[in-house]
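**Q** compute the structure for the input listed below.
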Amino acid sequence: MSLTKEQIAETYKKIQDEITSGLETLDGKSTFVEELWQREGGGGGRTRIIQNGNILEKGGVNFSAVHGKLPEPIKKSFKVEEDEFFATGVSIVIHPNNPWVPIIHMNIRYFELGENIRWFGGGIDLTPHYVIEDDARFFHHMMKNVCDRHHPTFYPEFKTWADNYFYIKHRQETRGVGGVFYDKLTPEKTGLSAEQLFKFSCDLGRTFVPTYTELVNRNRQRKFSPQDKEWQLLRRGRYVEFNLVYDAGTRFGLETNGRIESILMSLPTQANWAYDFKPEIGSKEEKTLSLLKKGIDWVV
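**A** Residues are numbered from 1 along each chain as shown. Predicted coordinates for the structure are as follows:
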């Protein structure tokens, strides 16, 4: 492979720069604070956090490039013998202050193990507090457009993968309206070269700012009630449940001795849990719950 891990990491750093700049412009008030960190076992990263903005209550855009020995639990889950690994990527979670503006998550990553194992992973998914169907359709069309430029089956496959991955089993609901998710993409599996897979990864990363900017600007001026805010905090609670119970990235970070503040930057500043909450029949909360399920076709 002529593409080197150093080139991939440098490009991902540029994408981090582009995204933080785009989000600062979108917010119009707050700026990112950067923290550089080193990992004990090898490598490090740049954590960038924005807080208390006009619209962005708390958000993180993290870059990391780490290497070293893969811990035994990860080797077992990957079913591999080699233990010299390298991983680089950009990960983002944004929690807005207005309940009508959705939470968004993105990740693009590259992983290699020993001489022979190399793959790409990533995705973008949307978690509205209130599902606005037109916004969900716009979001999925943006995801489909970027996928279709690279492979005809990427969108349907990765949309299904996202539906299954971002599923809160103990609640029997999806975390949000999904998006695209993929893992362990290789030339052998896709028929694309490593360079082509990398180009897809970068294109997906660069779709983030225009997509989220449109969704924020559609809804940032909407008025909201204390009841809307209460619902937002309950939905954030579901987000926390998924991230702490099921999320593979959180688990990988914790088991590879990653930086805890960076790993848990996905959590909101505040979230609530109510005992046995039931939405009112016919309410917008009930409607949102009815749309948190797998298999909805948002691009018809």
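
**Q** what helix or strand is His95 on?
**A** strand 84-96 (DSSP states H and E).

**Q** ignore the last one, Lys293
**A** Here Lys293, judged by DSSP H and E, is contained in no helix and no strand.

**Q** ok, now which ones touch it?
**A** Glu173, Thr174 (Cβ atoms under 8 Å, 6 or more residues apart in numbering). Backbone N, C-alpha and C define where each C-beta goes, glycine included.

**Q** likewise Lys184?
**A** Trp119, Gly121.

**Q** quick check: it is in a strand.
**A** Yes. In this structure, Lys184 lies within a strand as judged by DSSP: H, G, I helix; E, B strand; the rest coil.

**Q** tell me the confidence at it?
**A** Among the per-residue scores, Lys184 shows a pLDDT of 94.

**Q** check Ser2 too.
**A** We have a pLDDT of 84 for Ser2.

**Q** for the strand holding His95, packing partners?
**A** Packing partners of strand 84-96 (3 or more Cβ pairs under 8 Å, 6 or more residues apart in numbering; DSSP states H and E): helix 5-27, strand 56-69, strand 103-113, helix 194-219.

**Q** could you give me the buried positions within the second one?
**A** When burial is assessed from 16 or more other Cβ atoms under 10 Å, strand 56-69 yields the following buried residues: 56-68.

**Q** got it, and stretch 271-288?
**A** In stretch 271-288, the ones that count as buried by 16+ other Cβ under 10 Å are Ala271, Glu285, Thr288.

**Q** so how far is stretch 266-274 off the chain centroid?
**A** In terms of Cα atoms, centre = their mean, to the nearest Å, the centre of stretch 266-274 is found 17 Å from the chain centre.

**Q** re the thing from before, what's the closest of the helices and strands packed on strand 84-96 to Glu188?
**A** Minimum separation from Glu188 across the helices and strands packed on strand 84-96 (Cβ to Cβ) falls at helix 194-219, 10.6 Å.

**Q** run the chain-centre distance for that closest one.
**A** Distance, centroid of helix 194-219 to centroid of chain: 11 Å (Cα atoms, centre = their mean).

**Q** helix or strand right after it?
**A** Using DSSP H and E, the helix or strand that directly follows helix 194-219 along the chain is helix 226-245.

**Q** the following helix or strand past that next one - contacts with which helices or strands?
**A** Following helix 226-245 in sequence order, the next helix or strand is helix 248-255 (DSSP H and E). In this structure, helix 248-255 packs against helix 72-78, helix 260-263, with contacts taken as 3+ Cβ pairs under 8 Å, 6+ apart.

**Q** rank those by pLDDT, which is bottom?
**A** helix 72-78 (a mean of 76).

**Q** report the helix or strand with the lowest average pLDDT across the chain.
**A** The weakest-scoring helix or strand in the chain, judged by mean pLDDT, DSSP states H and E, is helix 72-78 (a mean of 76).

**Q** which elements pack onto that one?
**A** In terms of contacts (3+ Cβ pairs under 8 Å, 6+ apart), helix 72-78 is packed against helix 248-255.

**Q** neighbouring contacts of the helix it packs on?
**A** 71, 73-74, 91, 107, 183, 243-244, 258-260, 262-264, 266.

**Q** just to revisit the earlier point, okay, the helices and strands packed on strand 84-96 in CSV with mean pLDDT and distance to Gly249 next?
**A** Output for these, formatted as CSV (pLDDT from 0 to 100; distance: least, Cβ to Cβ, whole Å):
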stretch, mean pLDDT, distance to Gly249
helix 5-27, 98, 15
strand 56-69, 95, 10
strand 103-113, 96, 7
helix 194-219, 98, 15
